[in-house]
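Chemist: below are the sequence and a predicted model for it; my questions follow.
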Amino acid sequence: MLYTHKMVGSRDEVNLEILDTAFDMPSETLEKHVKWADGCLLIYSVTDKDSFQAACTLKDCLFQLRGPDLPVVLVSNKHDLLTARAVTEDEGANLEGELDCPRFQISVAEGQEGVTQVMEELLVLIKRELVKSLSAPQPAQDTSVPGMEKKSRLYYMKKAFKKRVVRSRSDTF
């Protein structure tokens, strides 16, 4: 299921497209969606071992399709139900270490503050990765052909940003 949400921060406004996989979609559909994602939340319930296993499987899929540079935030939900815990703290910490990403332990039932913190952290990671990719050295152009002089780094940053914006607007589901 696809959701849209607008987050308004102190400095900017971001429109989000959120795909809730619930891990019951065919692998080719999941692969298609993972390819356009700028970041991912891996969410599991501490009271449901199957949801934790699904998060581990999805982690493997993400690494295979996108590599380790995709911004990911690990979220363990239902921390208000500690007596019903099925996933140990060590298991969550181990997955966090494998992903090398931040982990949030929240309870959606206790309010949206935890969810807001998670989304803000994911946006920070996405922005950081975008800046990193835009500031990476660009391939040199052939200057032996007249009119093909080197273009500035700013030119490539603008081009990459426009491509990313156009891509996000043209994706259909």
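Modeler: Received the coordinates, thanks. Numbering: from 1, shown residues only.

Chemist: hey, C-alpha coordinates of the lengthiest helix in the chain in CSV?
Modeler: Longest helix in the chain by number of residues (criterion: DSSP state H): helix 113-134. Taking Å, rounded to 0.1, in the frame of the first residue of the first chain, the C-alpha atoms of helix 113-134 are listed here in CSV:
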residue,chain,number,x,y,z
GLU,A,113,6.5,11.4,18.9
GLY,A,114,8.6,8.2,18.3
VAL,A,115,7.4,8.0,14.8
THR,A,116,8.3,11.6,14.1
GLN,A,117,11.8,11.1,15.5
VAL,A,118,12.2,8.0,13.2
MET,A,119,11.1,9.9,10.1
GLU,A,120,13.3,12.9,10.9
GLU,A,121,16.3,10.6,11.3
LEU,A,122,15.6,8.9,8.0
LEU,A,123,15.3,12.3,6.2
VAL,A,124,18.6,13.3,7.7
LEU,A,125,20.3,10.1,6.4
ILE,A,126,18.7,10.6,3.0
LYS,A,127,19.9,14.2,2.7
ARG,A,128,23.4,13.2,3.8
GLU,A,129,23.5,10.4,1.2
LEU,A,130,22.2,12.8,-1.5
VAL,A,131,24.9,15.4,-0.7
LYS,A,132,27.5,12.7,-0.7
SER,A,133,26.4,11.4,-4.1
LEU,A,134,26.2,14.9,-5.5
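
Chemist: how about the helices in this protein?
Modeler: With DSSP H as the criterion, the chain has helices spanning 27-36, 49-66, 89-99, 113-134, 153-170.

Chemist: columns mean pLDDT, distance to Thr83 and mean neighbour count on top of those, output as CSV?
Modeler: Every C-beta, even on glycine, is put in place using the N, C-alpha and C of the backbone. Below are these laid out as CSV (pLDDT from 0 to 100; distance: least, CB to CB, whole Å; neighbours: other CB atoms under 10 Å):
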stretch, mean pLDDT, distance to Thr83, mean neighbour count
helix 27-36, 73, 34, 13
helix 49-66, 87, 15, 16
helix 89-99, 91, 14, 15
helix 113-134, 89, 20, 16
helix 153-170, 58, 43, 12
